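A.B. asks: Okay, predicted coordinates and the sequence, questions at the end:
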Amino acid sequence: MSEYKLKPTRWSYVLALLIPIFSCLGTASIVHRNVPKLPGALDSLSVNKLTQVVIPGSAEIQFPESGAYAVYYEYRSDIDGVSYARDEIPPRMNCQLRSIGTGEAVMLAHSNVEGNVYVYPERAGVMFKRIDIDQPGVYNFSCQYPDGRSYPKKVMAVGPNLVLEFFNAVRKPIAAMLFGSFAFVFSGVISALIIAFVAIKRNRSKHQLALHA
């Protein structure tokens, strides 16, 4: 009878050890599915995805999906062998974005994101306007000086909002690592509680057996 009381508690130790092991395997699986995608996702955040537009002037821009985009003022740029080096302060321009298909104008909002910039040896830009695209498609982007003059020529770049793209790229891998870490710590605590509980119960059982011996 005494052996029957003690055997189940021994298997409880095994269960307590298996909990963090399986938790660790589950965590590794979650991280493996998400984290390896991170370098590729970050590599895709390239200024090459931005369409350069010499202004005053216009160009057709393809927005492949709905979401947040941006207009950047490139104060250092190179297009078709022509170098553009200007002041870092965005110029006063009247810019418009209009759907080719519907003719509907899209509002260009002022940038409210500090530090939304990119700096490369050939290109450097600062966020000039925010764009929210509801309907994917081709749009006409144009900028003109308020007084109608045509010089000096400058460069705008239209495309993904690089800051938001960065956060979207790292959000899922970071969430996976945080969830995995929490699961591993939580399973370790549960395992420790089980071991402590079983140890106490075994100690009491042995003590009672000793009293009745």
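C.D. replies: Perfect, I can see it now.
A.B. asks: mind checking the longest strand of the protein?
C.D. replies: Assignment by DSSP state E gives strand 67-79 as the longest strand of the chain.
A.B. asks: other SSEs contacting that one?
C.D. replies: strand 51-55, strand 82-85, strand 124-133, strand 154-160 (3 or more C-beta pairs under 8 Å, 6 or more residues apart in numbering; DSSP states H and E). Quick note: C-beta positions are derived from backbone N, CA and C, even for glycine.
A.B. asks: will you turn those strands into a markdown table that also has distance to residue 92 and mean neighbour count?
C.D. replies: Putting the helices and strands packed on strand 67-79 into a markdown table (distance: least, C-beta to C-beta, whole Å; neighbours: other C-beta atoms under 10 Å) gives the following:
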| stretch | distance to residue 92 | mean neighbour count |
| --- | --- | --- |
| strand 51-55 | 12 | 19 |
| strand 82-85 | 17 | 12 |
| strand 124-133 | 11 | 20 |
| strand 154-160 | 11 | 22 |
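A.B. asks: Comparing those strands by mean pLDDT, which bottoms out?
C.D. replies: Of all these, strand 82-85 carries the lowest average pLDDT, namely a mean of 87.
A.B. asks: By mean pLDDT, which helix or strand of the protein comes out lowest?
C.D. replies: helix 37-43 (a mean of 48; mean pLDDT, DSSP states H and E).
A.B. asks: quick one: strands adjacent to the longest strand of the chain?
C.D. replies: strand 82-85 (antiparallel), strand 124-133 (antiparallel), strand 154-160 (antiparallel) (DSSP bridges).
A.B. asks: right, and the ones you listed - which one's nearest residue 100?
C.D. replies: Residue 100 lies closest, by C-beta to C-beta, to one member of the strands paired with strand 67-79: strand 124-133, at 12.9 Å.
A.B. asks: Next one: residue 140 from residue 124, what distance?
C.D. replies: 26 Å (C-beta to C-beta, to the nearest Å).
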